[in-house]
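S.K.: I would like the atomic coordinates for the input below:
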Amino acid sequence: QLPTMTVSDIGKIVFAVASTEFLTCILSRRLIFQSESYTKLVNSFERAKVRRDKTDTSVAAKKTAREKQSQQKSQKSVEKDAKKLQRENEELSGFAAEVARRHTMAAFYSSIAFLILYRILAAEYAGKVVALLPFEPFRLLRRITFRGLSDWTATEVHSHWMQSEGGPEATTPGENASLSPDVTSAAQACAFAFIYILCSLSVKMMVNMAFGTKPPPGADDGVGTLIDAPQSQKMMKNFGLDANEVKEARKAVGF
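M.R.: Okay, the predicted model is just below:
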């Protein structure tokens, strides 16, 4: 028979995703974000941010007083302030990149844990129909919703789904059973992978918002923070890339 997934099975998937995310958040906090090295790194980042902000304010205040000075002296002061501000911006970007790298490492370990969880659940719930979609999904989405169900016909999918739901008695698989008007293709069957992805986009995100550790403001741009680091800027120059053009491209695509 064509096995179907019950509400308790869906609840187990939700619980497994929530528990895995909770454990990864707690372990990341204990092993990474509460470590002495991370605490010192965040403190260094905060101090560098304060210094940069003070320098930025000081440079802005000096602009109003330069008109009273000679042109030569004013130009020297501008160059000196610009170099100082650039150094402190580079220092701040370096600390921000290091903080972001720790969070990226935690996210990488979390991804491995969820990959293992997916393989375990996929083996346990292989060949089970979760639901019948009211539409036939397009080809790309079908690869997710119908994953593992490609050997079944529309008659088999619908008749066994009706039996599991306690609906009208269906005919045996393989015979020409009448389908309801909204079920015209076996591709409308929904498998485990789609439920898992929905849980990852909803339950996982909510648990992370409740128990996850967020990077401090200024180091919370993810990969963008790593790209803005001085080491990354030098690497892009070595590969012949213009850092300003890369930055403009990121803004254009909202990255």
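S.K.: At which residues are the strands of the stretch 51-200 of the chain located?
M.R.: In the stretch 51-200 of the chain, the strands defined using DSSP state E, counting those that start in this stretch lie at 131-132, 189-190.
S.K.: how about CSV for those strands, with mean pLDDT added?
M.R.: Formatted as CSV, the strands of the stretch 51-200 of the chain follow (pLDDT from 0 to 100):
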stretch, mean pLDDT
strand 131-132, 70
strand 189-190, 78
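S.K.: of these, which approaches residue 145 most closely?
M.R.: In terms of CB to CB, the element of the strands of the stretch 51-200 of the chain nearest to residue 145 is strand 189-190, at 4.9 Å. The C-beta positions use only the backbone N, C-alpha and C, and glycine is treated the same way.
S.K.: Name the nearest residue to residue 21, ignoring sequence neighbours.
M.R.: Distances taken as CB to CB, 6 or more residues apart in numbering put residue 207 closest to residue 21, at 4.2 Å, once the chain neighbours are dropped.
S.K.: residues contacting the one you found?
M.R.: 18, 21-22, 25 (CB atoms under 8 Å, 6 or more residues apart in numbering).
S.K.: all helices for the stretch 51-200 of the chain, in order.
M.R.: 71-124, 139-145, 154-164, 192-211 (DSSP state H, counting those that start in this stretch).
S.K.: For residue 56, list the residues it contacts.
M.R.: By CB under 8 Å, 6+ apart, the contact list for residue 56 reads residue 85.
S.K.: Quick check: it vs residue 47, distance?
M.R.: Counting by CB to CB, to the nearest Å, the separation of residue 56 from residue 47 is 15 Å.
S.K.: do the same with residue 38
M.R.: As defined by CB to CB, residue 38 lies at a distance of 15 Å from residue 47.
S.K.: So for the two, which sits in the more crowded spot?
M.R.: Neighbour totals were compared for residue 38 and residue 47, and residue 38 leads with 18 against 13 (other CB atoms under 10 Å).
S.K.: Am I right that that one sits in a helix?
M.R.: Yes: looking at residue 38 with DSSP: H, G, I helix; E, B strand; the rest coil, it is inside a helix.
S.K.: Please renumber the chain so that the first residue is 159 from this point on.
M.R.: That works, and once the first residue is 159, the last one we named lands at residue 196.
S.K.: Residue 258 versus that one, what's the distance?
M.R.: 12 Å.
S.K.: Just the buried positions in the helix or strand harbouring residue 166, please.
M.R.: In the assignment (DSSP states H and E), residue 166 maps to helix 165-186. The neighbour-count check on helix 165-186 (16 or more other CB atoms under 10 Å) flags 167-168, 171-172, 174-175, 178-180, 182-183, 186 as buried.
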